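A.B. asks: need the 3D shape of this:
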Amino acid sequence: MVIESAPKAIGIVYALLAVVVLASLWYSGRFSRRRAASFLLVSAALGFLIFSPVFPYMLQLLILRNTGALGVPLPAAAGGLLFFIIITLLCGRIICGHICPVGAVQELMYLIPLPQNGRTLTPQSMVVRFGAFIVILITGVGFSANILVALGMKDFFYLTPTGAGFVIFLAIVLLSATVYRPFCRFVCPYGLLLALAAARSRWKIRRTDACIRCGKCERACPVNVAAEGNSRAECYLCGRCMEVCPVEGALVYGREP
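C.D. replies: I've put the predicted structure just below:
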């Protein structure tokens, strides 16, 4: 289904515009899950139509130094990925939340009303995540192996169910109906870098003195990071916490004091 003749740059331009719009919605207090749904749908569609902006795959190609597939010189690709890390350092995980097609597909799957599990990242799951990053890095640099292709990411978005990889990635997507964003939280190499940046982000969802400690935001959060004092490295800015908050102004998106 992917249109090979379509320039991948379309996805990057979309990502830049979407970052500006979403950040503006958050800053102005006009963000809502209903508004965000349109970005999820467009982002997912771009994944299937032009396979861009698929950020983890772009990082994998950068590790492989595959300028042909990237379509731009390595410094330009590295600069682009670094730019979005800086955006995350400033604004939180807007990219992961609503712009990356891989994340968008998983977010849409999680809307299916099924029993939901795996909210908390345990020490064991963190080992898996860092281990996956190291494997992707070492196999890419040392053996020129594209792990994300082996996992079927490209086959899934290209709708080519001819190998085991497609089945693997399809299973991950289906799992995301009950476990929130399993690929983003346990496998994605770019997601790990953005999580480290988001932990230090200048702007994030925070509580104000109006908070009545009802706990509704903590129960609504799919990654269990709404508690006071949490760095919110895993906050995908889904908006569920603010949607259920009963007190206007108790949760705001703003600079940390």
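A.B. asks: what's the closest non-adjacent residue to Ile95?
C.D. replies: Closest residue to Ile95 apart from its sequence neighbours, by Cβ to Cβ, 6 or more residues apart in numbering: Phe84 at 5.3 Å. No exception for glycine: its C-beta is placed from N, CA and C like everyone else's.
A.B. asks: residues in contact with the one you found?
C.D. replies: By Cβ atoms under 8 Å, 6 or more residues apart in numbering, the contact list for Phe84 reads Ala15, Val19, Phe55, Ile95, Leu194.
A.B. asks: could you point out which element follows the strand or helix carrying it?
C.D. replies: Phe84 is located in helix 74-91, with elements delineated by DSSP states H and E. Next helix or strand after helix 74-91 toward the C-terminus (DSSP H and E): helix 94.
A.B. asks: okay, the helix or strand just after that next one in CSV with CA atoms only?
C.D. replies: Downstream of helix 94, the first helix or strand assigned by DSSP H and E is helix 101-109. Only the C-alpha atoms of helix 101-109 are listed here, as CSV (Å, rounded to 0.1, in the frame of the first residue of the first chain):
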residue,chain,number,x,y,z
PRO,A,101,3.0,6.2,13.0
VAL,A,102,4.1,3.3,15.1
GLY,A,103,3.0,5.0,18.3
ALA,A,104,-0.3,6.2,16.6
VAL,A,105,-1.3,2.7,15.6
GLN,A,106,-0.7,1.3,19.1
GLU,A,107,-2.6,4.3,20.7
LEU,A,108,-5.6,3.6,18.4
MET,A,109,-5.5,-0.1,19.3
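A.B. asks: distance from the chain centre to the helix or strand following helix 101-109, please.
C.D. replies: Once the chain leaves helix 101-109, the next helix or strand it forms, by DSSP H and E, is helix 123-143. Centroid separation for helix 123-143 versus its chain: 18 Å, with Cα atoms, centre = their mean, to the nearest Å.
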